[in-house]
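Enquirer: here is my input, please return the structure:
(2 chains)
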Amino acid sequence: MIPLIALLVGAILGLLLQPTVPPFLLPYLPVAVVAALDAIFGAVRARLEGTFSERVFLISFMTNVVLAVFLVYLGDQLGVGSELSTAVVVVLGVRIFSNLSAVRRVIFRA
Amino acid sequence: MTASPERARTATPAGAGAQPSTGAGQRLLLRVAVALACGLLGFMLVAQVRATEGFGDRLEVEREEDLAQILSELSTRSETLQAEITNLQLTLVEFESSAEREDLARRSLERRYDELRILTGTVPVEGPGVILAIEDPNRLVTQDLLVDTVQELRDAGAEAIAVNEVRLIASSAFATRNDRLVVDRQPIDPPYRIVAIGGSETLATALQIRGGARDSLELLTGVEAQVQPSADLRIPAVAEPPAYVFGTPVQSASEPP
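Expert: Now for the predicted structure:
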């Protein structure tokens, strides 16, 4: 419950503060968001399956975000930034889907 | 995050309730961190969505067709500007060449001016040519003979002629007054000295042609004519340039340049 409230508070803060994303962050913010989403959905799944651990969530959250951003940065340096960011988003998307299907299985038992 | 069985399960083997206060503090810290992470995600989400809506990074999120559209617009604009550059360069070249043409016209006018000044005798002239020295102790040389001689010189391409330092121009005339030869109202006396500027070889040859000017002169008793080519002669300007009163130039489109 608290994390959900925190999420909403963050979103409202974002709406209120109207942050402008620095240009050098523009290519990396989307993958960071998707990576964080993946961590969140993984956490939801773990919570429902009864294996949730704050430490694991925090570490996966951090590493997901950092790794995704780093990969895209590396891709930029190698000249395949857009392709690699697509790859990262696809992989994370697949994981999000599998996490969601696990959640669905727990909730609906199907 | 209320007391859930899995946390109890995972916590039990590790902590085993040995340091419950520290474990609780750690748990609180972790929960706060999780909440912070979730808040961060919300913040990032909104920021990203807003950035996507923003104008500055439009290109980042454009679809391929839109990008192609933008690209084609930009290349059209680039082509237009390129054409403008070419036009301006052409204009520049035109101006340069017209300046060149003006320069050319000015030089040709200057040249023509010089020619006309020589022709009208308003300036002294120097250059190669011939001197025809005529000894005439008996004053037998007539105006006709001098006219013939001058004609011969002009025929051979003489550009400027003077008889006894009197410059001959278009309106020059020979006459005889009281048995003295007169050129343009200036009486001249022997020995006559005719100076002509032109191709010295051509002029000399023309004068010495068999039955030509020199021969005709030397038919007269006592007359001795000597032709002497020279590389550097000088002819004075006409004393009084004639004033043209009656004639005015006809303005014509087909006037030679």
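
Enquirer: please make it C-alpha for all contacts and neighbour counts, starting now.
Expert: OK.

Enquirer: right, and the helix or strand after the top helix by length along chain B?
Expert: Selection of the longest helix in chain B by residue count, based on DSSP state H, yields helix B:64-120. In the C-terminal direction, the helix or strand that comes right after helix B:64-120 (DSSP states H and E) is strand B:125-135.

Enquirer: for chain A, give me the ranges with low pLDDT.
Expert: For chain A, residues meeting the criterion pLDDT under 70 lie at A:110.

Enquirer: with chain B instead?
Expert: Judged by pLDDT under 70, the stretches of chain B that qualify are B:1-22, B:54-63, B:253-257.

Enquirer: count of residues packed around B:Arg214?
Expert: When neighbours are counted by other CA atoms under 10 Å in any protein chain shown, B:Arg214 registers 22.

Enquirer: my guess is it contacts B:Gln228. True?
Expert: No: applying CA atoms under 8 Å as the test, B:Arg214 and B:Gln228 come out as separate, 12.0 Å apart.

Enquirer: ok, back up a step: centre of the chain to the longest helix of chain B, how far?
Expert: Going by CA atoms, centre = their mean, to the nearest Å, the spacing between the C-alpha centre of helix B:64-120 and its chain's C-alpha centre is 12 Å.

Enquirer: what's the angle between it and strand B:125-135?
Expert: Per axes from the mean of the first three to the mean of the last three CA atoms, to 10 degrees, the angle that helix B:64-120 makes with strand B:125-135 is 20 degrees.

Enquirer: what helices or strands is helix B:64-120 leaning on?
Expert: Helix B:64-120 sits against no helix or strand, with contacts defined as 3 or more CA pairs under 8 Å, 6 or more residues apart in numbering or on different chains; DSSP states H and E.

Enquirer: mind checking if whichever strand or helix holds B:Val49 is in reach of chain A?
Expert: Counting by DSSP H and E, the secondary-structure element that holds B:Val49 is helix B:20-53. Yes: contact between helix B:20-53 and chain A, assessed by CA under 8 Å from any CA of the partner chain, occurs at B:30-31, B:33-48, B:50-51.

Enquirer: which elements pack onto that helix?
Expert: When contacts are defined as 3+ CA pairs under 8 Å, 6+ apart, helix B:20-53 sits against helix A:2-17, helix A:29-49, helix A:54-78.

Enquirer: nearest to chain B, of those helices?
Expert: Ranking these by their distance to chain B (criterion: CA to the nearest CA) puts helix A:2-17 first, at 4.1 Å.

Enquirer: just the CA atoms of the closest one, as CSV, please.
Expert: Coordinates of each C-alpha in helix A:2-17 appear next as CSV, following Å, rounded to 0.1, in the frame of the first residue of the first chain:
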residue,chain,number,x,y,z
ILE,A,2,2.7,2.4,1.0
PRO,A,3,4.7,1.9,-2.2
LEU,A,4,1.6,2.6,-4.3
ILE,A,5,1.0,5.8,-2.4
ALA,A,6,4.7,6.7,-2.8
LEU,A,7,4.3,6.1,-6.5
LEU,A,8,1.3,8.4,-6.7
VAL,A,9,3.1,11.0,-4.6
GLY,A,10,6.1,10.8,-7.0
ALA,A,11,3.8,11.2,-10.0
ILE,A,12,2.0,14.2,-8.4
LEU,A,13,5.4,15.7,-7.5
GLY,A,14,6.4,15.3,-11.1
LEU,A,15,3.2,17.0,-12.3
LEU,A,16,3.6,19.8,-9.9
LEU,A,17,7.3,20.5,-10.3
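
Enquirer: chain A against chain B: which residues are in contact?
Expert: Proximity of chain A to chain B is assessed by CA under 8 Å from any CA, with A:1-4, A:6-15, A:18-21, A:26-27, A:29-30, A:33, A:36-37, A:40, A:50-55, A:57-58, A:61 identified as the residues in range.

Enquirer: buried only: go through the residues you listed for me.
Expert: Of all these considered here, the ones buried according to neighbour count by 16 or more other CA atoms under 10 Å in any protein chain shown are A:3, A:6-14, A:19, A:21, A:26-27, A:29-30, A:33, A:36-37, A:40, A:51-54, A:57-58, A:61.

Enquirer: now do the same contact list for the residue in the stretch 101-250 of chain B that chain A sits nearest to.
Expert: With CA to the nearest CA, the shortest gap between the stretch 101-250 of chain B and chain A falls at B:Arg101, namely 55.7 Å. Taking CA atoms under 8 Å, 6 or more residues apart in numbering or on different chains as the definition of contact, B:Arg101 has no neighbours.

Enquirer: B:Asp184 and B:Glu102, how far apart?
Expert: Relative to B:Glu102, B:Asp184 is positioned 40 Å away (criterion: CA to CA, to the nearest Å).

Enquirer: of those two, which one has the most company?
Expert: Set side by side, B:Asp184 and B:Glu102 show unequal neighbour counts under other CA under 10 Å, the larger going to B:Asp184 at 18 against 12.

Enquirer: what sits against the more buried one?
Expert: For B:Asp184, the contacting residues are B:172-174, by CA under 8 Å, 6+ apart.

Enquirer: sounds good, over and out.
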